[in-house]
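Compute the structure for the input listed below.
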Amino acid sequence: MQQVHPRVLVSAYACGPGDEPEAAAGWAFARAAARSHQVHVITRRRFAPAVTAALASDPELARHLTVEYLDLSERFLALKRRSIDVYWYYVLWQRVLARRAAELHAATPFDVGHHVTFANDWLPCGLTRVRNLPVVWGPVGGATIVPLRLVRWLGLRGATTELLRALITAPLRAVWGATAARRASVVVAQNETVARRFRRARHVIVEPNASLDDLSEHALSTRAGAAHADDSVPRPLRAVFAGRLLGLKGGRLAIEALARTPGWELHVYGDGYDRSTLVRLAERRDVTGRVVFHGHRPRAEVLDAVAGCDAMLFPSMHDQAGWAAAEASALGRPVICLPLGGVPLMAGVNARLADVRGDVVAHLADQLAEAATRPGTPSDRWSISRLPDVVERLYGTTRSGSPAAEASPV
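Numbering: from 1, shown residues only. Next comes the predicted model:
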């Protein structure tokens with residue numbers, strides 16, 4: 001007798017194999033669900049080439065995973081010119097998705113709906129509008145707020161951006177986010193802050209969207225190169241900062257901490273509006289010889305740099321689920337960070353938390369100095385291999401109406 005697999009409808013604004021974190025997360029969750037479910041994914045057409053190639057190379061996956069592509073009309077696509085346009089487009093896309101999901105559910109009912117990617121907790125969730133469809137909402141994030149005592153480290157542009165973000169997203173979260181949380185059977189939060197925001201939902205589970213492949217090749221290649229280095233020439237201890245150079249990422253804090261930590265150099269990977277400010281700050285603090293700005297580099301190159309460093313210095317004030325911290329932890333590197341957002345959770349056993357009270361720069365510098373004698377330990381906490389068990393627990397909770405045994409309700 002042929003086994004009947006539960007049917008799952010996945011809403012993934014971004015979904016496909018590759019280096020884009022959101023799309024990679026959507027693809028990882030869809031593949032994990034297809035291990036023991038019949039999965040129908042709705043995403044956008046720009047991911048079709050990568051998805052088609054992946055399904056063609058894996059017939060077993062293709063038997064359990066169907067991908068449908070949904071876009072708005074050419075008229076709306078033509079208006080989507082700036083990065084900020086993604087938000088109004090996404091809101092409209094969710095409305096169209098809700099109609100399409102309702103049609104599919106009416107024709108052949110699904111057991112579970114799962115809203116996976118681009119899941120900001122202040123934007124609408126189309127699946128929750130489908131009648132009689134139990135929904136997993138998330139992982140979602142966005143509720144983290146920068147403490148007032150750290151606002152000065154954002155810079156004028158960063159502080160203005162954060163103020164506008166709070167003014168815009170707070171009422172939308174109270175409407176769209178609260179509605180999605182109320183209708184969802186399970187809310188999956190990116191971090192503890194988000195979980196507390198939606199604590200009144202039926203079931204809240206903390207599980208970030210990180211889904212890391214095996215990174216051992218980067219660690220091995222770096223060690224092989226280091227074995228041929230001239231050991232007679234001592235090198236400075238090396239810290240890596242990886243992320244967009246925006247105020248909220250904490251680049252200014254990183255350079256100030258480096259200035260108070262002799263014997264270290266800082267390699268900065270990423271670009272953004274704050275780069276010129278950070279360059280000038282390094283000049284004022286007389287550390288230009290110890291700070292290297294690499295700009296935006298391929299992910300493989302950044303991973304090699306992280307594998308070869310002594311610590312990641314990542315004092316982000318806002319990340320919901322910083323994948324860079326998860327990758328550093330997987331490679332066994334200590335992550336010097338703030339107790340804010342999702343970075344400490346992603347760094348896990350390798351998180352070195354700097355107190356935000358008092359002299360935060362001094363606290364970061366102390367943690368960085370300590371990393372010289374307290375190395376990290378490789379962690380597989382965010383391995384992609386964990387996801388089949390994760391979705392099994394989430395969908396089991398959704399169908400049964402009670403938390404699964406190994407889930408982490410808040």
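
which other helices and strands contact the helix or strand harbouring residue 324?
Taking DSSP states H and E as the definition, residue 324 sits inside helix 323-330. If you count contacts as 3 or more CB pairs under 8 Å, 6 or more residues apart in numbering; DSSP states H and E, helix 323-330 packs onto helix 299-307, strand 311-313, strand 335-337, helix 343-347. Every C-beta, even on glycine, is put in place using the N, C-alpha and C of the backbone.

Just the pLDDT at residue 256, thanks.
On pLDDT, residue 256 comes in at 96.

Can you tell me the SS state at it?
Classification of residue 256 by DSSP: H, G, I helix; E, B strand; the rest coil places it in helix.

Quick check: it vs residue 320, distance?
Note on residue 256: its distance to residue 320, by CB to CB, to the nearest Å, is 24 Å.

wait, residue 376 sits on residue 325?
No. The pair residue 376 and residue 325 does not pass the contact test of CB atoms under 8 Å, sitting 11.3 Å apart.

Identify the contacts common to those two.
residue 335 (CB atoms under 8 Å, 6 or more residues apart in numbering).

Run through the chain and note the low-pLDDT ranges.
1-4, 214, 216-233, 400-410 (pLDDT under 70).

Which residue ranges make up each domain of it?
Following the assignment in automatic domain parsing, the chain carries domains at 7-211+383-400, 216-371.

can you put those in a markdown table and add mean neighbour count?
Below are the domains of the chain laid out as a markdown table (neighbours: other CB atoms under 10 Å):
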| stretch | mean neighbour count |
| --- | --- |
| domain 7-211+383-400 | 19 |
| domain 216-371 | 20 |
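
Start and end of stretch 22-41, how far apart?
15 Å (CA to CA, to the nearest Å).

Next: stretch 338-345.
With CA to CA, one end of stretch 338-345 sits 11 Å from the other.

I'd like the distance from that stretch to the chain centre, please.
Distance of stretch 338-345 from the chain centroid (CA atoms, centre = their mean, to the nearest Å) equals 12 Å.

And stretch 277-291, by the same measure?
Offset of stretch 277-291 from its chain centre (CA atoms, centre = their mean): 29 Å.

Stretch 30-37 too?
For stretch 30-37, the distance to the chain centre is 20 Å (CA atoms, centre = their mean).

Identify all contacting residues around it.
Contacts for stretch 30-37 (CB under 8 Å, 6+ apart): 5-8, 10, 12, 15, 39, 41, 61, 64-65, 67, 111-112, 114, 116, 384, 387-388, 390-392, 395.

quick revisit: distance from the chain centre to the helix holding residue 324, please.
Centre-to-centre, helix 323-330 and its host chain are 10 Å apart (CA atoms, centre = their mean).

Let me know the angle separating it from helix 299-307.
With axes from the mean of the first three to the mean of the last three CA atoms, to 10 degrees as the basis, helix 323-330 and helix 299-307 are set at 50 degrees to each other.

how about the CA coordinates for helix 323-330, as PDB?
Extracted in PDB, the C-alpha atoms of helix 323-330 (Å, rounded to 0.1, in the frame of the first residue of the first chain):
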ATOM      1  CA  TRP A 323      24.100  34.200   9.600                       C
ATOM      2  CA  ALA A 324      27.700  35.500   9.800                       C
ATOM      3  CA  ALA A 325      27.800  34.700  13.500                       C
ATOM      4  CA  ALA A 326      26.400  31.300  12.900                       C
ATOM      5  CA  GLU A 327      29.100  30.600  10.300                       C
ATOM      6  CA  ALA A 328      31.800  31.800  12.600                       C
ATOM      7  CA  SER A 329      30.500  29.600  15.300                       C
ATOM      8  CA  ALA A 330      30.300  26.600  13.000                       C
END
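
ok, residues contacting it?
Counting by CB under 8 Å, 6+ apart, 21, 208, 210, 212, 215, 240, 242-243, 302-303, 306, 312, 314, 319, 335, 337, 343, 346-351, 376, 378-383 sit against helix 323-330.

how much space between residue 377 and residue 335?
Taken as CB to CB, the span from residue 377 to residue 335 is 12 Å.

so what's in contact with the two at the same time?
Shared contacts of residue 377 and residue 335, counting by CB under 8 Å, 6+ apart, come down to residue 350.

hey, where'd the strands end up in the chain?
Here the chain has its strands, by DSSP state E, at 7-12, 38-43, 65-69, 112-117, 135-140, 186-189, 204-206, 237-242, 264-269, 291-295, 311-313, 335-337, 351-353.

mind listing what the residue nearest to residue 47 when sequence neighbours are not counted touches?
Using CB to CB, 6 or more residues apart in numbering and skipping the chain neighbours, the partner closest in space to residue 47 is residue 16 (3.5 Å). Listed by CB under 8 Å, 6+ apart, the contact partners of residue 16 are 23-24, 26-27, 43, 47, 50-51, 54.

quick one: contacts for the closest residue to residue 345 other than its chain neighbours?
What sits nearest to residue 345 in space, not counting adjacent residues and going by CB to CB, 6+ apart, is residue 191, at 5.4 Å. Taking CB under 8 Å, 6+ apart, we find residue 191 in contact with 141, 144, 206, 208, 320-321, 341-342, 345.

redo that, cut-off 7 Å
Going by CB atoms under 7 Å, 6 or more residues apart in numbering, residue 191 touches 141, 206, 208, 320-321, 341-342, 345.

What of residue 236?
Neighbours of residue 236 in contact, by CB under 7 Å, 6+ apart: 263-265.

let's go with 8 Å and repeat that
Applying CB under 8 Å, 6+ apart to residue 236 gives the contacts 263-265, 290.

same deal with residue 143?
Contacts of residue 143 (CB under 8 Å, 6+ apart): 121, 173, 193-194, 196-197.

And the helices in the stretch 1-150 of the chain, which stretches?
In the stretch 1-150 of the chain, the segments counted as helices under DSSP state H, counting those that start in this stretch are 21-33, 48-56, 59-64, 74-79, 85-107.

right, and the ones you listed - which one's nearest residue 128?
helix 85-107 (8.4 Å; CB to CB).

Check which helices and strands the closest one sits against.
strand 7-12, strand 38-43, helix 74-79.

Adding distance to residue 107 as columns, could you present the ones you listed in a markdown table?
Converted to a markdown table, these look like this (distance: least, CB to CB, whole Å):
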| stretch | distance to residue 107 |
| --- | --- |
| strand 7-12 | 11 |
| strand 38-43 | 11 |
| helix 74-79 | 26 |
